[in-house]
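Engineer: What follows is a predicted structure for the sequence shown.
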Amino acid sequence: MPDVDLTVQLGPLTLKNPVMPASGTFEYSEEQRELFDLARLGAMVAKSVTLKRRPGNPAPRLHEVTAGLLNAVGIPSEGIHHFIEVTLPALAQIDTTLIVSIAGDSVEEFATVARMLDPYRGQVSALELNLSCPNLTHGVPFATDEKLMRATVEAVRESTTLPIIAKLSPNVTDIVKMAGIAREAGADIISMINTLIGMAIDVETRRPVLGNVVGGLSGPAIKPVALRMIWETSQSVDIPIIGMGGISNARDAIEFMLAGASAVAVGVASFRNPLVMLEIVDGIESYLAGHGFGSPKEIVGLAWKERMV
Amino acid sequence: MPDVDLTVQLGPLTLKNPVMPASGTFEYSEEQRELFDLARLGAMVAKSVTLKRRPGNPAPRLHEVTAGLLNAVGIPSEGIHHFIEVTLPALAQIDTTLIVSIAGDSVEEFATVARMLDPYRGQVSALELNLSCPNLTHGVPFATDEKLMRATVEAVRESTTLPIIAKLSPNVTDIVKMAGIAREAGADIISMINTLIGMAIDVETRRPVLGNVVGGLSGPAIKPVALRMIWETSQSVDIPIIGMGGISNARDAIEFMLAGASAVAVGVASFRNPLVMLEIVDGIESYLAGHGFGSPKEIVGLAWKERMV
Amino acid sequence: MWIKGRVTDQSSIVPGYYRLRLRVPVAFGARPGQFAMIRAWDTYDPLLPRPFSFHRLLPEKGEFEILYKVRGRGTELMTRLSTGDEVYIRGPLGNGFEIPHGAERIAVVARGIGIAPMLALAEEAAKGGVEVQSFLSAKTRELLLAHAELEKVSAETFVLTDDMPEAKDRLVTDMLAEVAAHKKFDAVYVCGSRRLTRAVASLEMEYGFRGYVAMESHMACGTGACKGCICKVRGEDGEEAYKYVCKDGPVFPVRRVVV
Amino acid sequence: MWIKGRVTDQSSIVPGYYRLRLRVPVAFGARPGQFAMIRAWDTYDPLLPRPFSFHRLLPEKGEFEILYKVRGRGTELMTRLSTGDEVYIRGPLGNGFEIPHGAERIAVVARGIGIAPMLALAEEAAKGGVEVQSFLSAKTRELLLAHAELEKVSAETFVLTDDMPEAKDRLVTDMLAEVAAHKKFDAVYVCGSRRLTRAVASLEMEYGFRGYVAMESHMACGTGACKGCICKVRGEDGEEAYKYVCKDGPVFPVRRVVV
Ligand SMILES: Cc1cc2nc3c(=O)[nH]c(=O)nc-3n(C[C@H](O)[C@H](O)[C@H](O)COP(=O)(O)OP(=O)(O)OC[C@H]3O[C@@H](n4cnc5c(N)ncnc54)[C@H](O)[C@@H]3O)c2cc1C
Ligand SMILES: Cc1cc2nc3c(=O)[nH]c(=O)nc-3n(C[C@H](O)[C@H](O)[C@H](O)COP(=O)(O)OP(=O)(O)OC[C@H]3O[C@@H](n4cnc5c(N)ncnc54)[C@H](O)[C@@H]3O)c2cc1C
Ligand SMILES: Cc1cc2nc3c(=O)[nH]c(=O)nc-3n(C[C@H](O)[C@H](O)[C@H](O)COP(=O)(O)O)c2cc1C
Ligand SMILES: Cc1cc2nc3c(=O)[nH]c(=O)nc-3n(C[C@H](O)[C@H](O)[C@H](O)COP(=O)(O)O)c2cc1C
Ligand code: FES
Ligand code: FES
């Protein structure tokens, strides 16, 4: 069995292994630190931060559906100042790559937040753009509108020297096109997928269950859709992909890598099993070793690369 | 408790109750007839038929995923001649409304099949257009391309006097827009949703599991997405909706109706429980009676109608 | 902590309500009012663990009990657990109840399944020499769960069920008020009812005890990560803000919560 | 038919392989080679029933048995079944095995779990006075499932396991060929291996028996509705077309299938 080196290169970004939390699903809390050393993660990814303080959506924010979770958390945020003063110094303690997710209601807000984080280049390794929140002026999410997507990524590109990860929404007709636009506009890496928009209705009250009416669906239910989108995108757009959407064990993670993801992120599955990310790191390592591969990159996209031979 | 009349009116179409099978998931077989009298269904919906004989996709065609089924059946069809000569006379025996689903590789094929069925107006009550199959010349599914959608529905409209049901694909950015186009182009009814495109990869063979690489995801996993799309569409487009996507029991069906569907269709759930459609008919009836409603139409869209009051 | 526990006992108290005892392999320093996220299935349907309060803490046996009501798919599956079965446990989580330093007398007020965390609290208080008075409410006498156990550690127990004639125009907190009129309570704890919570909040002003409420909310993570389990809480300045039941609670000063 | 059955017995034969006996409340006229869709869970994960052949038909008791191998989530859940548990059953489905009219001697050829439908067939044949010769293959001697039961109804039983030295350059069908050289078989049935299926197909030409194979495919409906469970079958004219394992099969003339 060959020695496996789990290091992965995502464009300008180097990770010690390909496994990280999905933004908004993992916190650097004391409870979490007791469970395991966060330095074992390929990267730490923070919850999306906005310019100003925002309360987020009204209750209820969560509703479990079959094999999935609907969340209408919105983007509650303490704002970028609080983030820089309180959250960042704590996150910077973790001995791994730090990815900061940013969000906003306008192109300018994205650019401003990016600019404010640029001085912290020593601590922040990359910015992830949460393009799934709706744009205030146009009412549609940035990630579902070609022009907004392009404008946002371009504006952030001009505001920072940090690597940019554009996070795509699956709620589009042509995911490859959206990924291509993100790349052209200056994204270094793509992450996908954010949640599918869904809802639930309470048949007794006859009202939508969630305070925000609709919410984002994630968890095992969306895995086949995520895989398909990564399969399509990785064959057409030549920047690395961080894959996510229902990954719940090492096998799932390997499926995503074979489909074309260079690294993976885990969301809801950590709520089910808070050690799952470590199990995935170990599972990828033993899969690689057991199948004669020396590094994660050797299996990225193999499901289509080997077909083409 | 009031007497409940389960009859529903879908534009020009009258059904004895709001429950029917989803196209491609139910057959008029002997085995099925032994289970229950198909006349108890609100409608019978046949598997999509094409102009010529087609073999369908290579194996494997099915793969179960978490809380869902991926199918890459394609549209195997004996062709419209065989349908008219053999299948139709059998289906016409069932004492309920008959909906025939048609599909094709081109706008012309849709129109031709519709024209060929027009003389059977006595037996066929409506045509459902399966717009999710990819168009041969453009490579994209009819239901994800605004121009193709319009052209197809218009062409069918000119070819038949039968009520037209346009079946929408969920794989689009803006479902309301697609529904609006179908309506403008002449559809009398909308049915939604068809399957979400997904895939799975075998980590041992490192190849896509399905013979066709990608397949359609249906079952409980897609229910929240279907509900949300019906919620959005029913508030904007003023023709009735047949709702489907993961409906597995009466509660689910009622959620769909509260979201805005005037009738419901059941696919994968019948594989799990072949009596489920009858249970849904009964469950809707007792829900209506128990909550003081006299007919299904009284609850259609209530989840948004009551909110607006 | 994230551990595999084992069922050492399960029994149905009344139809639809169960008491489950779990053994954990390591020292588990939980406090009354804290909770655990529990998952008793490997399937993805149901998907997430469910939150349950500690009903009884038995650290000397390495065990604890929960008392639960069957509500949906998760609790339905839990009813099938039997001795020896494995369950996943994340906890202890949340802040737990505080017994004010030097307290001499407390009251617990609970309705229905809201009794669950109160037994652990009452047992701890009694062990510490604090007098406990219990005020229990339920739909029927049968649904006065854990009544006997609570009586054992309570100086007095007052019950009011909806099927009693006097329940027409009375709440169990009216009984609390009557006692409070001549006995000083250092703290009062409430769980399981909005009406009772509001009543306790208004009695707090009048009688000067510290009131606490154990809140509920739908949870996904149980640890502050998902930002899902909000409740509205008034700050010192009276301004309302969202707090997380799992991390900032589940126990809040009763005058702060907006219910 | 769509009915609730009850487990009357379940036992593990060798690790990973189970025999499950089910009681059905109504007369259940199944034939060997037919199958049932079985669902032993209420959760949506796993979602669909799974197809299993009848391993043993016991109509006088209102029971049947299946023999199954643990493969994934569905069969894993099935291992937890115990006496009294309910399962959903759709069946009998498919065409089943045909014993040619007036047949005097048949052979069954099976590898591994492919033995499952063969016991029912052999028992029926033996009951009808037809001589059965069994040719069994497996990885190890331990995995010769239902060997003893099959021996009871077979005139002769031949086994070849991969761990025997002679298995290097021999298939169990070579043993069949040796017997067939001096004994006439009216029909030969094969299940559980492509290699054996191909071998039986080529022996059919040479020895003039009728060869049948029980095919497998992933299924959703089991009744011809979903069009999912295809296999390729050659028509009389040699042209290949898709057939449905559930409805047109699972038993096909061995010379027709493309394996
Ligand atoms: C901190 C905390 C402590 C708790 N302690 C206990 C306890 O000791 N004993 C006990 O029986 N229950 C307790 N609960 C409630 C318990 O978590 C829910 O009853 C359980 O999650 C329901 O799971 P289910 O899968 O059976 O129901 P689901 O299928 O998830 O839901 C079924 C129905 O119950 C409702 N429901 C689900 N969760 C809650 C909730 N948290 N509050 C109110 N309604 C809900 C749903 O809206 C739905 O209508 C506690 C909750 C919290 C937040
Ligand atoms: C007509 C028919 C009769 C059958 N009779 C028997 C029987 O008597 N005893 C028995 O043990 N099995 C039998 N099978 C196979 C049995 O249906 C599968 O093993 C079962 O469905 C697996 O379910 P699972 O949930 O455990 O596995 P899944 O989680 O569904 O799958 C686990 C793994 O098994 C593979 N798999 C699933 N289904 C099949 C299949 N049909 N064939 C081959 N590989 C499969 C999957 O690709 C996957 O790799 C029969 C199948 C058919 C079509
Ligand atoms: C509770 C919750 C909160 C989330 N918050 C964010 C967020 O702040 N920013 C973001 O980009 N994605 C957010 N997401 C989306 C996840 O990062 C991820 O894309 C999605 O959940 C799919 O992965 P999963 O199926 O593994 O959960 C959130 C998801 C959940 C469930
Ligand atoms: C096996 C299978 C075959 C299908 N074939 C068709 C078809 O021929 N035409 C069509 O319009 N939809 C077809 N569908 C889609 C269903 O009609 C339905 O839109 C979808 O499955 C969602 O409903 P469900 O979740 O209840 O299954 C098929 C679905 C399945 C699972
Ligand atoms: S349950 Fe996730 S923040 Fe409280
Ligand atoms: S399993 Fe559905 S057609 Fe055979």
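Structural biologist: Arrived safely, thanks for sending. Numbering: from 1, shown residues only, chains lettered A, B, ... in the order given. Ligands and ions are numbered 1, 2, ... in the order given.

Engineer: how close does C:S134 sit to ligand 2?
Structural biologist: For C:S134, the distance to ligand 2 equals 50 Å [Cβ to the nearest ligand atom, to the nearest Å]. For the C-beta atoms, the positions are set from N, CA and C on the backbone; glycine is no exception.

Engineer: who touches that residue in this structure?
Structural biologist: C:A107, C:V108, C:A110, C:M118, C:A122, C:L150, C:E151, C:S154, C:E156, C:T157, C:F158 (Cβ atoms under 8 Å, 6 or more residues apart in numbering or on different chains).

Engineer: go on, C:T173?
Structural biologist: C:V109, C:F135, C:L196, C:A199, C:V200, C:L203 are the contacts of C:T173 under Cβ under 8 Å, 6+ apart.

Engineer: The same query, at a cut-off of 10 Å, please.
Structural biologist: C:107, C:109, C:135, C:137, C:158, C:160, C:180, C:188, C:190, C:193, C:195-203 (Cβ atoms under 10 Å, 6 or more residues apart in numbering or on different chains).

Engineer: same check, this time on C:I230
Structural biologist: Per Cβ under 10 Å, 6+ apart, neighbours of C:I230: A:55-62, A:73, A:76, A:211, C:217-218, C:241-246, C:248.

Engineer: Just the buried residues from the residues you listed, in PyMOL please.
Structural biologist: Buried residues among these (16 or more other Cβ atoms under 10 Å in any protein chain shown), as a PyMOL selection:
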select buried, (chain A and resi 56+57+59+60+61+62+73+76+211) or (chain C and resi 217+218+242+243+244+245+246+248)
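
Engineer: hey, C-alpha coordinates of stretch C:87-96 in PDB?
Structural biologist: Provided in PDB are the C-alpha atoms of stretch C:87-96 (Å, rounded to 0.1, in the frame of the first residue of the first chain):
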ATOM      1  CA  VAL C  87     -28.100   5.100  21.400                       C
ATOM      2  CA  TYR C  88     -26.000   8.100  20.500                       C
ATOM      3  CA  ILE C  89     -25.800  10.900  23.000                       C
ATOM      4  CA  ARG C  90     -24.400  14.400  22.800                       C
ATOM      5  CA  GLY C  91     -24.400  16.200  26.000                       C
ATOM      6  CA  PRO C  92     -24.700  17.500  28.600                       C
ATOM      7  CA  LEU C  93     -25.800  20.700  26.800                       C
ATOM      8  CA  GLY C  94     -27.200  24.000  27.800                       C
ATOM      9  CA  ASN C  95     -27.000  26.000  30.900                       C
ATOM     10  CA  GLY C  96     -29.200  24.100  33.400                       C
END
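
Engineer: Does it reach chain A?
Structural biologist: Yes: Stretch C:87-96 lies within reach of chain A by Cβ under 10 Å from any Cβ of the partner chain, at C:Y88, C:R90, C:G91, C:P92, C:L93.

Engineer: For A:L131, see how far away A:I193 is.
Structural biologist: A:I193 sits 11 Å away from A:L131, going by Cβ to Cβ, to the nearest Å.

Engineer: anything in contact with each of those two?
Structural biologist: Counting by Cβ under 10 Å, 6+ apart, the common neighbours of A:I193 and A:L131 are A:A143, A:K167, A:L168, A:S169.

Engineer: Just give me the closest of those residues to ligand 3.
Structural biologist: A:K167 (5.1 Å; Cβ to the nearest ligand atom).

Engineer: which residue packs closest to the closest one, ignoring adjacent ones?
Structural biologist: A:S191 (4.5 Å; Cβ to Cβ, 6 or more residues apart in numbering or on different chains).

Engineer: again with C:A167
Structural biologist: C:A167 sits nearest to C:L160 (Cβ to Cβ, 6+ apart), 5.5 Å away.

Engineer: which residues touch the one you found?
Structural biologist: C:111, C:135-138, C:144, C:166-167, C:170-175.

Engineer: Tell me the residues of the stretch 1-150 of chain C that contact chain D?
Structural biologist: C:W41, C:D42, C:T43, C:Y44, C:D45, C:P46, C:L47, C:R73, C:E76, C:L77.

Engineer: returning to what we had before: can you redo the residues of stretch C:87-96 next to chain A as TSV with secondary structure, neighbour count and pLDDT?
Structural biologist: Putting the residues of stretch C:87-96 next to chain A into TSV (DSSP: H, G, I helix; E, B strand; the rest coil; neighbours: other Cβ atoms under 10 Å in any protein chain shown; pLDDT from 0 to 100) gives the following:
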residue	secondary structure	neighbour count	pLDDT
C:Y88	strand	19	97
C:R90	strand	24	96
C:G91	strand	25	94
C:P92	strand	19	95
C:L93	strand	22	96
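
Engineer: how about those, which pair is most distant?
Structural biologist: C:Y88 and C:P92 (14.4 Å; Cβ to Cβ).

Engineer: what's C:V26 in contact with, if anything?
Structural biologist: Neighbour list for C:V26: C:M1, C:I3, C:G5, C:G62 [criterion: Cβ under 10 Å, 6+ apart].

Engineer: quick one: the first one and C:G222 touch, right?
Structural biologist: Read that as C:M1. No: using Cβ atoms under 10 Å, C:M1 is not in contact with C:G222; the gap is 11.8 Å.

Engineer: Secondary structure of C:R19: a strand, I assume?
Structural biologist: Yes: assigned with DSSP: H, G, I helix; E, B strand; the rest coil, C:R19 falls within a strand.

Engineer: Could you report the distance from C:E142 to ligand 5?
Structural biologist: Using Cβ to the nearest ligand atom, C:E142 is found at 32 Å from ligand 5.

Engineer: Could you confirm that residue falls within a helix?
Structural biologist: Yes: secondary structure of C:E142 (three-state DSSP): part of a helix.

Engineer: Now it: closest residue in space, sequence neighbours ignored.
Structural biologist: Using Cβ to Cβ, 6+ apart, the nearest residue to C:E142 is C:V14, at 5.2 Å.

Engineer: same for the longest strand seen in chain C, what does it pack against?
Structural biologist: If each strand of chain C is counted by residues according to DSSP state E, the longest one is strand C:2-14. Using 3 or more Cβ pairs under 10 Å, 6 or more residues apart in numbering or on different chains; DSSP states H and E, the elements in contact with strand C:2-14 are helix A:30-35, strand C:17-23, strand C:35-39, strand C:63-69, strand C:86-93.

Engineer: which residues of the stretch 1-150 of chain A score low on pLDDT?
Structural biologist: A:1-2, A:136 (pLDDT under 70).

Engineer: and the residue of it nearest ligand 5?
Structural biologist: Shortest the stretch 1-150 of chain A-to-ligand 5 distance, computed as Cβ to the nearest ligand atom: residue-wise this is A:L62, at 7.3 Å.

Engineer: Now do C:S53 against D:E240, distance only.
Structural biologist: 64 Å.

Engineer: show me what contacts the residue lying closest to A:G215 once chain neighbours are set aside?
Structural biologist: Spatially, and ignoring its direct neighbours in sequence, A:G215 is nearest to A:A72 (3.6 Å; Cβ to Cβ, 6+ apart). The contact partners of A:A72, by Cβ under 10 Å, 6+ apart, come to A:56-63, A:195, A:199, A:208-216, C:228.

Engineer: so how many other residues sit close to the nearest residue to C:A126 once chain neighbours are set aside?
Structural biologist: Nearest residue to C:A126 in three dimensions, chain neighbours excluded: C:V153, at 3.9 Å (Cβ to Cβ, 6+ apart). Neighbour count for C:V153, taken as other Cβ atoms under 10 Å in any protein chain shown: 20.

Engineer: list the contacts for C:V153?
Structural biologist: By Cβ under 10 Å, 6+ apart, the neighbours of C:V153 are C:108, C:119, C:121-127, C:130-132, C:134.

Engineer: Restricted to buried residues, select the residues you listed in ChimeraX.
Structural biologist: Selection of the buried residues among the contacts of C:V153 in ChimeraX, burial being defined by 16+ other Cβ under 10 Å:
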select /C:108,119,121,122,123,124,125,126,130,131,132,134
